[in-house]
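> quick one: sequence plus predicted model below, questions after.
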Amino acid sequence: MSLVIGLTGGIASGKSTVSAMFTDMGITVIDADIEARLAVEPGEKAYNDIVSHFGTEILEDNGTINRPKLGEIIFNNEEKRLLLNSIVHPAVRERMAQKRALAEAANEKAVVLDIPLLFESKLTGLVEKIIVVYVDEQTQLERLMKRNGFSEEEANSRIKSQMPLKDKVGLAAAVIDNSGSIEQSRQQLMDLLSKWGILRAE
Ligand SMILES: CC(C)(COP(=O)(O)OP(=O)(O)OC[C@H]1O[C@@H](n2cnc3c(N)ncnc32)[C@H](O)[C@@H]1O)[C@@H](O)C(=O)NCCC(=O)NCCS
Ligand SMILES: Nc1ncnc2c1ncn2[C@@H]1O[C@H](COP(=O)(O)OP(=O)(O)OP(=O)(O)O)[C@@H](O)[C@H]1O
């Protein structure tokens, strides 16, 4: 039986950084952001639905979705964001369930589902234990602006579209505080996985 771990947090809180640590340990990570990208490739049902609702203005010349443009629309319009969610999320859920079943069938010790919107989309039933990757608000804002080249306003509109990170902390089985160095976060993860019996204590 695999332990199914949900890895979540807020935008730019460090989920990918922590999920890379799991991958380094040979633990399978299924990433909702990647599945969401695959689900909207040309020819997919979700792609057709997006084009019919948002129009061809959100396409690149080669027919793929212009992600910065769609992002600018949905992070400034709650109704449109919920519409996009209703198109993309069912496809993501289906893809993640398929991959999770494959990892479980292979009898892996643990499998990680990296889902930014685990709580917002009420997907907690998909996982057994939840790890929240936390950073303080100021660090989150600074890292998001730096990583994506966003203005403070652009970064804040994205942060505000999610459940406040500090509210997620209270809903988790464990929290990794990623406000410090990456090495400090790695140590927290190692301690946690030893405690859960996934890694042997050194
Ligand atoms: C709006 C889109 C095109 C912007 O693409 P872009 O490449 O700029 O960002 P990316 O997909 O890498 O997402 C970055 C982060 O933004 C946050 N985010 C993305 N979508 C949403 C959303 N609908 N609501 C709140 N936060 C979101 C997440 O923290 C995510 O990790 C894209 O995020 C999208 O299609 N979103 C809808 C699907 C979705 O909810 N994905 C998130 C997990 S399933
Ligand atoms: N402990 C750290 N110290 C300094 N920078 C960090 C640390 N952890 C992550 N970062 C940087 O902060 C940014 C956000 O981290 P990361 O991409 O892992 O977040 P994320 O939660 O996966 O984001 P998203 O879900 O929005 O894609 C990245 O540019 C990353 O390199």
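That came through fine. Ligands and ions are numbered 1, 2, ... in the order given.
> for the rest of this, base every contact and every neighbour count on C-alpha atoms.
Noted.
> which parts of stretch 77-87 are buried?
The neighbour-count criterion (16 or more other Cα atoms under 10 Å) identifies 80, 81, 84, 87 as the buried residues of stretch 77-87.
> show me the contacts for the last one.
Residues counted as contacts of residue 87 (Cα atoms under 8 Å, 6 or more residues apart in numbering) are 46, 49, 50.
> what is the nearest of those residues to residue 64?
When the contacts of residue 87 are compared for distance to residue 64 (Cα to Cα), residue 50 wins out at 11.2 Å.
> quick one: the helix ranked longest in the chain near ligand 1?
Longest helix in the chain, counting residues (DSSP state H): helix 78-105. Yes. Against ligand 1, helix 78-105 shows contacts by Cα under 6 Å from any ligand atom at 81, 84, 85, 88, 89.
> so residue 113, which state does it fall into?
Using DSSP: H, G, I helix; E, B strand; the rest coil as the criterion, the local structure at residue 113 reads strand.
> closest to the centroid, which residue in this structure?
Most central residue of the chain, judged by C-alpha distance to the mean C-alpha position with Cα atoms, centre = their mean, is residue 116 at 2.8 Å.
> who's in contact with that residue?
Listed by Cα under 8 Å, 6+ apart, the contact set of residue 116 reads 7, 8, 9, 10, 11, 15, 32, 33.
> let me see the confidence value for it.
On the pLDDT scale, residue 116 is placed at 97.
> quick one, helices of the protein?
Counting by DSSP H, the segments of the chain that form helices are 15-24, 32-39, 45-54, 67-74, 78-105, 137-148, 152-160, 165-169, 182-195.
> mean pLDDT added to those helices, as TSV?
Supplementary listing: these in TSV, determined by pLDDT from 0 to 100:
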stretch	mean pLDDT
helix 15-24	96
helix 32-39	97
helix 45-54	98
helix 67-74	97
helix 78-105	93
helix 137-148	98
helix 152-160	97
helix 165-169	97
helix 182-195	96
